[in-house]
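J.: Task: produce atomic coordinates for the following.
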Amino acid sequence: MKWQDFAPAATTRVREGIEWSITYAFDATDISRPRVLLIGDSICNGYNGRVRNLLAGTVNVSFWASSKCVTDPDYFRELDFILDARPYDAVCFNNGLHSLTTDRAEWDTAYASALAFIRAKLPDAKVALTLSTPLKDPALTKISASLNETVLRLAREEGLPVIDLFSAMDPLDRETYWSDTYHFRAEAIEIQARRIAERVREMLGL
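T.: Reported below is the predicted structural model:
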């Protein structure tokens, strides 16, 4: 199976001034417990440590956080590398906040293709779709909600569980729980991590 068969042949995506990727595999040599892979962006980079603590002793955690939109020419190449790195029993997949200005039709197609690639590469893994979070800016929040509509549609069509971080965050006071336009303070990260950890336990029957 080749990632090139799933990646967009061409997109209009304009890269950011700084593109980055961060990946960790905690308890990397332990094969006695199931392993979950968290895929996302800086929000994922924020909550992964707390998720790991909440699942300690029951589930091992890997994560890949990246600035790359699913329409980026390198996204599927990097995704392929991450999916090959370890055996995974569950995957929590998110992509969205670095796609707020991406052509919507291109993003819809690439997101669905990325999901198909994950499921094809890991046919035995449980997959959940993680919704993108709201932002401090109301206009950007509307875009995030719109992207989530595609995610929710795919979840219904594919019969996949959803981790709804959007509705968990949206009612909260922006000045209290947000640290900037995009990111969150510890109290909000705790809420996100608990939702993710709870879903992972459900997916794995724990």
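
J.: Tell me where this protein has strands.
T.: In the chain, the strands defined using DSSP state E lie at 21-25, 35-40, 60-66, 90-93, 126-130, 162-163.

J.: From the chain's centroid, how far away is the third one?
T.: Right, the one you point to is strand 60-66. 9 Å (Cα atoms, centre = their mean, to the nearest Å).

J.: now do the second one
T.: For strand 35-40, the separation from the chain centroid amounts to 8 Å (computed by Cα atoms, centre = their mean).

J.: which stretches of this structure aren't confidently modelled?
T.: Counting by pLDDT under 70, the chain has no low-confidence residues at all.

J.: Which stretches in it count as helices?
T.: Here the chain has its helices, by DSSP state H, at 42-54, 75-85, 104-121, 138-158, 165-169, 174-177, 186-203.

J.: how much does the second one deviate in direction from strand 60-66?
T.: With axes from the mean of the first three to the mean of the last three Cα atoms, to 10 degrees as the basis, helix 75-85 and strand 60-66 are set at 170 degrees to each other.

J.: Also the last one?
T.: Between helix 186-203 and strand 60-66, the angle comes out at 120 degrees (the same axes, to 10 degrees).

J.: P171: neighbour count?
T.: P171 has 8 neighbours, counted by other Cβ atoms under 10 Å. Placement of C-beta: from N, CA and C, glycine included.

J.: How about the contacts made by it?
T.: If you count contacts by Cβ atoms under 8 Å, 6 or more residues apart in numbering, P171 has none.

J.: in stretch 171-183, what's buried?
T.: Neighbour counts over stretch 171-183 (16 or more other Cβ atoms under 10 Å) mark 177-178, 182-183 as buried.

J.: Give me the distance between the two termini of it.
T.: End-to-end distance for stretch 171-183, by Cα to Cα, to the nearest Å: 15 Å.

J.: With distance to H98 as extra columns, can I get the helices of the chain in CSV?
T.: Listed next are the helices of the chain as CSV, based on distance: least, Cβ to Cβ, whole Å:
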stretch, distance to H98
helix 42-54, 9
helix 75-85, 10
helix 104-121, 10
helix 138-158, 11
helix 165-169, 16
helix 174-177, 20
helix 186-203, 17
